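Asker: Attaching a predicted model along with its sequence, questions to come.
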Amino acid sequence: MTPRIAKISVHNLMLLADTYCKHCGIISTTLSRDILSDAPALDKIRTGKGSTSLRKFDQAMEWFDQNWPDDLPWPKLEAIPGSAQTPGSRATGGVVPFAGAEKNGRRVVKRRTAR
């Protein structure tokens with residue numbers, strides 16, 4: 001992952017975390033524990049004192065996609081260059097949405113498996 005893509009990815013992850021925490025009235029350590037099984041992980045990533053693997057990043061983005069409140073608009077995310085993601089989409093970097101896939105009026109992200 002290039003430094004630019006890493007910076008955008010962290011920005012998007014923190015935007016989702018902050019929006020979710022504010023809406024649900026929880027603190028970031030609670031959310032971090034629920035998503036990553038590591039209470040201080042999100043705060044460490046935010047301050048630059050920690051990092052995350054692509055697997056953990058994908059896990060977090062998928063968690064948000066599956067658990068996002070219906071009454072909370074999905075924030076406009078910064079596009080990751082070279083991915084299928086567009087600003088504001090629910091797709092995550094490296095995950096390609098299939099055309100027409102929707103669930104309750106939302107785009108559903110499905111993985112394409114390597115053969």
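Answerer: In hand now; what should we look at? Residues are numbered from 1 along each chain as shown.
Asker: Please count neighbours and contacts with C-alpha atoms only from this point.
Answerer: Noted.
Asker: What are the neighbouring residues in contact with residue 5?
Answerer: 80-81 (C-alpha atoms under 8 Å, 6 or more residues apart in numbering).
Asker: how about the CA coordinates for stretch 34-52, as PDB?
Answerer: The C-alpha coordinates for stretch 34-52 follow below in PDB (Å, rounded to 0.1, in the frame of the first residue of the first chain):
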ATOM      1  CA  ASP A  34     -16.200  -4.700  18.900                       C
ATOM      2  CA  ILE A  35     -14.600  -4.500  15.400                       C
ATOM      3  CA  LEU A  36     -10.900  -5.400  15.900                       C
ATOM      4  CA  SER A  37     -11.000  -7.100  19.300                       C
ATOM      5  CA  ASP A  38      -8.400  -4.500  20.500                       C
ATOM      6  CA  ALA A  39      -9.800  -1.600  22.400                       C
ATOM      7  CA  PRO A  40      -7.000   0.900  21.800                       C
ATOM      8  CA  ALA A  41      -6.400   0.000  18.100                       C
ATOM      9  CA  LEU A  42      -8.400   2.800  16.500                       C
ATOM     10  CA  ASP A  43      -6.900   5.400  18.800                       C
ATOM     11  CA  LYS A  44      -3.400   4.200  18.000                       C
ATOM     12  CA  ILE A  45      -4.100   4.200  14.200                       C
ATOM     13  CA  ARG A  46      -5.600   7.800  14.500                       C
ATOM     14  CA  THR A  47      -2.500   9.100  16.300                       C
ATOM     15  CA  GLY A  48       0.000   7.300  14.100                       C
ATOM     16  CA  LYS A  49       1.300   5.200  17.100                       C
ATOM     17  CA  GLY A  50      -0.100   2.100  15.500                       C
ATOM     18  CA  SER A  51      -1.000   0.600  12.200                       C
ATOM     19  CA  THR A  52      -3.300  -2.100  10.800                       C
END
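Asker: Give me the mean pLDDT for it.
Answerer: Averaged across stretch 34-52, pLDDT comes to 92.
Asker: Point me to the residue sitting closest to the centre of this protein.
Answerer: Centrality entry for the chain: nearest residue to the mean C-alpha point is residue 61, 2.8 Å, by C-alpha atoms, centre = their mean.
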